[in-house]
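> got a predicted structure plus its sequence, pasted below:
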Amino acid sequence: MNIQVPFKWIKQYTDTKLSAIELAELLPTRGPQVEKVYWDENLKDDVFDIEITSNRIDTASVVGIAREIASITNSSFALPQSNITFPSTDSKRLSVEIKDFDKCKRFNAVVIEGIQVKASPDWLKSRLESLGKNSINNLVDISNYVLLEYGYPTHLFDYEKIQDNKIIVRKATDGEEFVSLDNDSYELDSNDLVIADTQKIISLAGIKGGLNSGVSERTHTIVIEAANFESYGIRKTARRLDLHTDASSLFEKNLSALSSEVALKRVVELVLELAGGEIASSLKDEKRDDVEQTVIEFDTSRVKRILGIELSKEEIIQILESLDFKCVNQNDSKLSIEVPHFRANDVMYDYDLVEEIGRIYGYENIVGISPDGSIPPVSSNAMIEWEDKIKDILVGAGLTEAFNLSIVGDLDLKRVGLQSSYVIEISNPLTEDYKYMRRELTSSMISTLLRNEDFKSALELFEINAVYLPNQPNDLPNEEVHLTIMVSSATEESAYRQTKGYFEHLLKTVGLSVESFSYIQKNYPFFQSNMSADIKIDDDLLGYIGILASSIDAKRPACILEVNLTLLLKYILNTVKSFKGIHKYQCIKRDFAFVLRNTVKWKDIFEIAIRSNELITHVELFDIYKGKGIENGKKSVAFSITIQPKDKTLTEEEITGITSKLIHSIETQLEGVLRSI
Amino acid sequence: MKTIPEYLNDPYLKEVEAIVLDIVKHDNGQVGIVLDKTCFYPIGGGQNCDTGKFILSDSSYIPVKEVVIKNGEINHFVENIGEIKIGSTVRAQIDWERRHKNMIIHSAAHVIDFALQKLNVEPQKLKPLKGSHGKNAHVVYEGEVDATLMFKQLKKEVNTILNSNLEFDWKFVDFETLKNIATYLQPGLPTNKPLRALSLKNYGTVADGGTIVRNTKEIAKIEIPRIEQIDGSIIVYYNAIASMDSNTYSTKPNKISVVSNDTLELSEYISSLDLIKKQLEDDLEQGLLSVNELKNKYLGRKSELVQLVRSISKINQSDRAKGGVYANNIKKQVESLINSSFSSKDSSSLSDFDVTLPGNSLKLGHLHLTTQAIREVEAIFKRMGFYRERYPEVEWDYYAFDALNMGPDHPARDDWETFFIDKQPVNKDYGKRLLTPHTSSGQVREMLKRKPPIRMINISRVYRRQLSVRHLMNFFQFEGLMIDKHITFGHLKGVIEYFLQEFLGDEVKYRIRPYHFRFTEPSIEIDVFLGKDNKMTKEGWLEIGGAGMVHPSVLEAGNIDPDVYSGYAFGFGVERNKLSVGGINLEDIRIMYQTDVRFLEQF
């Protein structure tokens, strides 16, 4: 939350010599998060716009900011002194009962009679208006004024409207109705805290007053309430009813219960001054036992240990006292520090005091130290390191890295034929489109393809990211890293071969043998039938590759490969590149083309060729041709072989011997017919 | 003859529009085309014929292979007449390079001839017999002379002619007139029709029917390697080279040198060298030649200069040293002139090597912006001895909140702030499963996994229940954790300073603000100043991340004794920092993870 504070108002409590601009620069480095300072033409004043961090709700007020400024700039600080005394007996009877101490830590109240409801004086009106609050009447204005000044909400009831003069703090009953001052009706439940009399709800605790008990023109006796409510409950009720008020936003941030009495006294003082009347009851103060001033035992050596700075005990005490802490006892380096009432929820331990000392000392005054000490003998997570290398290899080869959200929807599951029971589901999704943790990257790649195919005809993308694989019920999923490559191209075959080409390029670059991976035809619902395969190495199923099914409705043929990198990493880490010596004799290349049946697989040709002679070290496909000149149902497959002599230069006859055997094997085993090249 | 021989009037005419007068089929199967006029020179007079093409009205063309006077007519021989008919109009276009070469050689013969006539070599006047002006060009005279003496004088005279830039002039006259003005008349000239009288100023007039250059400056050089005397005849062998600019008709003085296998006079040697330098200066002034062309012309293996340097042995022994020094000096000057002239100019405009040609295009991949951003920060922290870890994104309540001192009431645990897998706790120790809202959930896991010293960075995805043009529900954070004995706030500040200087430069302006996190104490936020113009900032300041000293209760949750160890932690955004620092103001930040190639390919 942000608050606005006029500079002149601040100066009512402190005599800081710094200008508004100087303060705006200094304060954020010490505490109050001034986001900007601006000149208000109506106020003729500088106004600070300050973000309140959740631990410093005590600074969400003019007094709170003034106190910080005084401490930070080493200036004086003074609050208006009051000399109010409360009678010990009630001339107007009032009793307070807290039924739920979990939700209400403290309840202060007092009765004032004989007041006069009228317009506020000009100074009060202008103060309120300067911060965007309309002036209503003197009583309402006083409550609002104290809220701005002290940052603590109070509430005023018409004494006559409280049945039996009894205030009860209790939970609402399910379905109980509450009508607010603004005449809006709310249905409450048993999680909501209310202020009631013996018959009815008179206020929604910490959020809004009720219509039935508010102050009117005819009011002459009032009850002033300054209470403290548990923050979580206020937040839940305000959110559920969508009823957010100044009071609720303060209580939500856990105001100090010790401060309610201070706020109440300030209201009483102003009521007596601006509306007249007399205090007609004792100060009611119902509270939980633990509402008491905190004293922290503080070993000053902690300052050096945590902040790394040397401060004397006196310097430490001086800083703490400037923030209204009190040193109530000291013994060598041990101090007993009493925490001021407004910091009770924020400063509870010695290390909290260290923070106060650090920030007022000024973090910029602490000298930075380069990382010293021993460097942990730890390597980075191997998967992370390899992910980076693999990304570089694929980008270097010309692929572009895709990055998709890891949360997917029903459509994504449907595209890859997954049941929702196989994925981790979010119980409170933002929208139905994003409610599952993806367990594969293929579905994201399909969306990517469909989203982009109008912009670019040949898409070549990859993604490396975690997938979330459900484990035992009620356990965390396994998070594994997958790689997917997608290529869209003019034909199925070119898309397939490009995709596989990128994958094989990756394998070769990381030192794996392409031949140790096998592609075993396997059908998947999202791939065209007979156009997909499982990718295996040893006994591990690494992933799959295939041409997207026509039901996906892509404009061009597209191939997707997905493999488990976490699994592949095992093989990568086992790769050893050994030196195999350098061949002395020049290798010989020969090209062949055979006409074969369309159903003959390259793998078979490859195996026959490479096995036909041990000197054949490489067999590389370079062309497949169907069409004119080749009879129907057949294809021409052209490939080259490399013959690597071992211990002598081969004669032409020996080479012919090797090639003849190869030709013969293909002719007899695959019914191939050699074409002349 | 039906055809007007335009080549006699204007030897520079490259094309004429002509009408086909006749198409003659000859016995040898050749087809000759006769035109009403032509610029094609027919073979004869020792000069080879032109070749070229006839361009027809439809822009197709027919090659002309040979041009010969046959049966008194100029026949343009073609292999196939195509669409040509008698009466057709064709554009007869010669191969100009071939013609020009022939013309230079033929003209050179006349220069030699005029020079010889001028010399009037004793004891008797030489009588021209014939010439051949193709390959192995030569002219033949009847008579006997002292060849050695003639050789020297001839060269000198030829040089004089070439250096004087003399104009050839020609006119058509009758036989009688020609007889009077010509130095000599070759036998067999017709007496009944106009003849062309060719004159060179101060040198005389002869009869000639070949193609002739307009000015002797077009001939760069005439080489006369030898003169033979056989049976009362003198054969002068020669070769001629066209000036580089002979097609441009420039008026600048031309230059020439004659290199022969004969002896050289020192003065002649020096003046030849001077001429080369002068010619270079002229070329540089004109600026038409590229550096390669100049180097080739003046310093190349076949250049005059190099030839001259090599022919130093032809100078008398006594003068040789002098000549050598002079030649080397000129060569150096030539080199430095060429080099300095190109270093002082924008050489790109003169070099024929085009450095602006595009490179071959390889496929260009792109790394995602997020990966780039992660790498930048990772590299910086690795230099400080940090290692990288990764912890679950689907995480327990316990590690995301409880272990980090964030109690059950903490607002971040509301189910409108954080994605939960479970509505109710499913594990009695760890509670519900959720999508971690911050990388800090890895802190306690790291402490439980390793004993100090710890220097970890964890760059990972985190999840928030938000989605708008400004907010992603799935984005990256990087978290740093250092735990050791005696770690103080000073160490935290040191690492932040180092990071910011590496990330944003030494001059980075930053500030530390006290802040509030449950798992650090003290807690701070770090702002960097990026300038008030940066739209991603508040008044110029960008909140780059949060940090603090690890809260004692967090250390305890990690089984680390807070009385022995201390540490710091920090957590910075990844995408927004990268975008902000780069001043990239995305109107809709969701494009980061929509995988739009039009976006991706820009980074």
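Arrived safely.
> spit out the contact partners of the residue nearest to B:Ile421 when sequence neighbours are not counted.
The shortest distance from B:Ile421 to any non-neighbouring residue, by CB to CB, 6 or more residues apart in numbering or on different chains, is to B:Arg433 (3.8 Å). Where you see a C-beta, it was placed from the backbone N, CA and C, and this is true even at glycine. B:Arg433 makes contacts with A:Ile424, A:Asn474, A:Leu476, B:Val394, B:Glu395, B:Trp396, B:Asp397, B:Phe420, B:Ile421, B:Asp422, B:Val426, as judged by CB atoms under 8 Å, 6 or more residues apart in numbering or on different chains.
> buried among those residues? Need that as a selection in PyMOL.
With 16 or more other CB atoms under 10 Å in any protein chain shown as the burial test, the buried ones among those are selected in PyMOL as follows:
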select buried, (chain A and resi 424+476) or (chain B and resi 394+395+396+397+420+421+422+426)
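> from the contacts of B:Arg433, which land in helices?
B:Asp397 (DSSP state H).
> save the contacts of B:Arg433 as CSV, and put in pLDDT too.
CSV is the format used below for those (pLDDT from 0 to 100):
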residue, pLDDT
A:Ile424, 95
A:Asn474, 90
A:Leu476, 96
B:Val394, 97
B:Glu395, 97
B:Trp396, 97
B:Asp397, 94
B:Phe420, 96
B:Ile421, 96
B:Asp422, 95
B:Val426, 95
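> how about the stretch 301-450 of chain B: which residue is closest to chain A?
Per CB to the nearest CB, B:Lys363 is where the stretch 301-450 of chain B lies closest to chain A, at 2.7 Å.
> helix/strand/coil for that residue?
coil (DSSP: H, G, I helix; E, B strand; the rest coil).
> my guess is it meets A:Gly398, correct?
Yes: counting by CB atoms under 8 Å, B:Lys363 does reach A:Gly398; the two are 2.7 Å apart.
> who has more neighbours, those two?
Neighbour count, other CB atoms under 10 Å in any protein chain shown: between B:Lys363 and A:Gly398, A:Gly398 has more, with 15 against 11.
> dump the residue contacts of that one.
Counted by CB under 8 Å, 6+ apart, A:Gly398 has contacts A:Glu460, B:Leu362, B:Lys363, B:Leu364, B:Gly365.
> show me what contacts the third one?
By that I understand B:Lys363. Counted by CB under 8 Å, 6+ apart, B:Lys363 has contacts A:Ala397, A:Gly398, A:Glu460.
> again with the last one
Shown in contact with B:Gly365 (CB under 8 Å, 6+ apart): A:Leu394, A:Val395, A:Gly396, A:Ala397, A:Gly398, A:Leu399, A:Thr400, A:Glu401.
> just the closest of these to A:Trp602, please.
Among these, A:Ala397 lies closest to A:Trp602 (CB to CB), at 21.9 Å.
> please name the nearest non-neighbouring residue to B:Trp396.
Spatial nearest neighbour of B:Trp396, excluding adjacent residues (CB to CB, 6+ apart): B:Tyr430 at 3.6 Å.
> should've said B:Val550
Excluding the flanking residues, the one nearest B:Val550 by CB to CB, 6+ apart is B:Gly567, at 4.4 Å.
> which strand residues sit across from the one you found in the sheet?
Per DSSP bridges, the residues bridged to B:Gly567 are B:Ile483.
> for A:Val378, see how far away it is.
Relative to A:Val378, B:Gly567 is positioned 15 Å away (CB to CB, to the nearest Å).
> distance to B:Glu144 added to the contacts of B:Arg433, as a markdown table?
Putting the contacts of B:Arg433 into a markdown table (distance: CB to CB, whole Å) gives the following:
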| residue | distance to B:Glu144 |
| --- | --- |
| A:Ile424 | 116 |
| A:Asn474 | 126 |
| A:Leu476 | 118 |
| B:Val394 | 115 |
| B:Glu395 | 117 |
| B:Trp396 | 122 |
| B:Asp397 | 124 |
| B:Phe420 | 123 |
| B:Ile421 | 120 |
| B:Asp422 | 125 |
| B:Val426 | 127 |
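> now the two most distant members of the contacts of B:Arg433.
Greatest spatial distance among the contacts of B:Arg433 (CB to CB): A:Ile424 and B:Asp397, at 15.2 Å.
> helix or strand next in line after the helix or strand B:Ile234 falls within, which one?
If you go by DSSP states H and E, B:Ile234 is part of strand B:233-237. Following strand B:233-237 in sequence order, the next helix or strand is strand B:239-242 (DSSP H and E).
> picking that back up, from the contacts of B:Gly365, which ones fall inside helices?
A:Leu394, A:Val395, A:Gly396.
> run a quick neighbour tally on the second one.
It stands for A:Val395. The tally of other residues near A:Val395 (other CB under 10 Å) stands at 18.
> got the phi and psi for the residue nearest to it when sequence neighbours are not counted?
Leaving out its chain neighbours, the residue that sits closest to A:Val395 by CB to CB, 6+ apart is B:Gly365, at 3.6 Å. Phi and psi for B:Gly365, reported as degrees, to the nearest 10, are phi -90, psi 160.
> B:Gly365 and A:Thr499, how far apart?
B:Gly365 is 15 Å from A:Thr499, by CB to CB.
> sorry, back to before: neighbour count winner among B:Gly567 and A:Val378?
Taking neighbours as other CB under 10 Å, B:Gly567 and A:Val378 compare with B:Gly567 leading, 28 against 17.
> can I assume the more buried one is in contact with B:His486?
No: applying CB under 8 Å as the test, B:Gly567 and B:His486 come out as separate, 10.3 Å apart.
> find residues that contact each of these two.
Among the neighbours of B:Gly567, none is also in contact with B:His486 (CB under 8 Å, 6+ apart).
> perfect, that will be all.
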